[in-house]
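Asks: Give me coordinates for this.
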Amino acid sequence: MLYRLRKKISNLSFKIWCKISPRMTEHFQDYDIYYFFRNEMDPTFPWKKYIEKKNTYFKQWGFDVPQVEAEYYSKVSGIKAEHYVNRMMVFHYIYPYLNRYDFVPAYMDKNIQKKLLSLPDKDNDIVATKDIIYNSNGIFFTYGDEQCSEEKAIDILLHYGKPFILKPTVDTFGGHGVEMISKDLSRETLLNLIKKYQRNFTFQEVIEQHSDLAKFNPSSINTLRIVTYCDFSLHYKILYACIRFGGEGSIKDNVCSGGGYTGIDCKTGKLLDKKIYSYHIDQPTDIVDQFPTVIPYWEKVKTAALKLHQRLPQLKVVGWDFAITPDGKPLFVEFNPRPGIGLQQAVGPMFSKEDLDELMVHISKSLLKQIPMGVTYFSDYPERKTLHDKFILKN
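Replies: Next up is the predicted model:
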């Protein structure tokens, strides 16, 4: 009797949820846009003016996407277009369709990325960051990937004799937790740092960068963000690229930590314009005269990103972070299987219209089922379902 009553209540609750969920989903999308503009973009932009207006490009594929991002990026970039992607489309549909989301949590761990890519790669002249000591799931390893005790790890660090970088290897958005550590530190200080980070972190050698990149900001390691895409013909291409640099005195190049960025012409390596973009962009600032106008060794970095992408068949779109060494070698820092789309689209749409048309044909035809709160299944990739950063439906 009690079981049947519980079942009736459960069924009734589900029916009520199904009726209210469409509006709830819209509410969450509105909130996401509000949060996006308040915390990341220009808080003065009149986003409410466009929240009810639907984007005609995505409407043709059956998706109710607000027009607000297309209006905003068109304003900032000066490139008028309807096919700017917004975060709802990217994180709920595009990335889950292109990338194996069941692989993403593991691939986000920076401790395994160089091993996955077989780096450093002498044949292709690609180098990578060097770990003095790293901790993976609570276990310490040396530079040679040999497991060691905590005591030995501390001894190695105490005798290193130079400053080094300490950073977490998971949940690393925005440079969170990255610290420059002085060479003059005690065993007690190291023990406290290890206690603070607990697990999944690395002590890395400080990167030496090319002098041209250092001109953007001498205190930070300034990196090239390159997003590559494998289309349905298995052709690898670059969607967009930019150089990111830290704010004055900062060791981090992350834009959300006070830094800036400017777009790069993917073919030539030239800076797209004379503007620096940052969080809360309304009117970007002018680039100072001492900045170089062309990225050095651009062809080598571009080739490195495209070659490395071919080693990750589980991911069709990847965001790469590269530095450049003083002698011009591409230096791999990390890759991101869910690259951000916000700031980069300030210089134009993420996808060409031709690529996005092809992609949307596949997504719209293969969409199997959408459950409230944005969990989506695809008929041709049934194991892939969306995972939203804030709103996850647990079945």
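Asks: give me the element the residue nearest to the spatial centre of the chain is part of.
Replies: Note on the chain: the residue nearest the mean C-alpha position is residue 339, at 2.9 Å, using CA atoms, centre = their mean. For residue 339, there is no host helix or strand (DSSP states H and E).
Asks: pretty sure it is touching residue 315, no?
Replies: No. Using CB atoms under 8 Å as the test, residue 339 is too far from residue 315 to be in contact (10.3 Å). All C-beta spots, glycine's among them, are computed from the backbone N, C-alpha and C.
Asks: wait, what's in contact with the residue nearest to the centre of the chain?
Replies: Each residue near residue 339 by CB atoms under 8 Å, 6 or more residues apart in numbering is listed here: 225, 227, 317-319.
Asks: where along the stretch 101-250 of the chain do the strands fall?
Replies: 127-128, 131-136, 139-142, 147-148, 164-168, 179-181, 201-205, 223-230, 236-245 (DSSP state E, counting those that start in this stretch).
Asks: pLDDT averaged over the last one, what's the number?
Replies: Spelled out, that is strand 236-245. Over the span of strand 236-245, the pLDDT mean works out to 91.
Asks: do the same with stretch 203-211
Replies: In this model, stretch 203-211 carries a mean pLDDT of 92.
Asks: and for that stretch, what are the contacting residues?
Replies: 129-134, 157, 162-167, 180-181, 221-222, 296-297, 323-326, 328, 331, 333.
Asks: and which of the contacts of residue 339 is nearest residue 365?
Replies: residue 317 (19.2 Å; CB to CB).
Asks: so where's the protein uncertain?
Replies: The model of the chain has pLDDT under 70 over residues 1-43, 172-176, 246-259, 274-289, 343, 368-395.
Asks: Please enumerate the helices of it.
Replies: 2-39, 56-59, 68-77, 87-89, 95-98, 104-107, 110-116, 150-158, 187-197, 211-214, 298-309, 353-366 (DSSP state H).
Asks: Kindly tell me how buried the closest residue to residue 107 other than its chain neighbours is, as a neighbour count.
Replies: Leaving aside its sequence neighbours, residue 107 sits nearest to residue 337 (CB to CB, 6 or more residues apart in numbering; 4.9 Å). Neighbours of residue 337 under the rule other CB atoms under 10 Å: 23.
Asks: Also the one 10 residues further on?
Replies: When neighbours are counted by other CB under 10 Å, residue 347 registers 24.
Asks: switch to numbering from 16
Replies: Got it, first residue is 16 now, which makes that one residue 362.
Asks: Settle this for me: it is touching residue 257, isn't it.
Replies: Yes. Judged on CB under 8 Å, residue 362 makes contact with residue 257 at a distance of 7.0 Å.
Asks: quick revisit: if any of the contacts of stretch 218-226 are buried, put those into a PyMOL selection.
Replies: In PyMOL, this line selects whichever of the contacts of stretch 218-226 come out buried by 16 or more other CB atoms under 10 Å:
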select buried, resi 144+146+147+148+149+172+179+180+181+182+196+236+237+312+338+339+340+346+348
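Asks: Walk me through the domains of this structure.
Replies: Following automatic domain parsing, the chain resolves into domains at 95-143+223-410, 145-220.
Asks: end-to-end on the shortest one?
Replies: End-to-end distance for domain 145-220: 6 Å, by CA to CA, to the nearest Å.
Asks: List the contacts of residue 338.
Replies: Per CB under 8 Å, 6+ apart, neighbours of residue 338: 222, 224-225, 228, 236-239, 346, 348.
Asks: Can you add distance to residue 277 and give these back as CSV?
Replies: Listed next are these as CSV, based on distance: CB to CB, whole Å:
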residue, distance to residue 277
222, 20
224, 17
225, 17
228, 12
236, 17
237, 11
238, 13
239, 11
346, 20
348, 18
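Asks: so what's the residue nearest to residue 122 up against?
Replies: Per CB under 8 Å, 6+ apart, neighbours of residue 352: 110, 114, 118-119, 122-123, 330, 333-334.
Asks: do you know how far it is from residue 126?
Replies: 15 Å (CB to CB, to the nearest Å).
Asks: and the nearest residue to residue 373 once chain neighbours are set aside, how many neighbours does it have?
Replies: Computed as CB to CB, 6+ apart, the closest residue to residue 373 that is not its neighbour in sequence is residue 247, at 6.0 Å. If you count neighbours by other CB under 10 Å, residue 247 ends up with 11.
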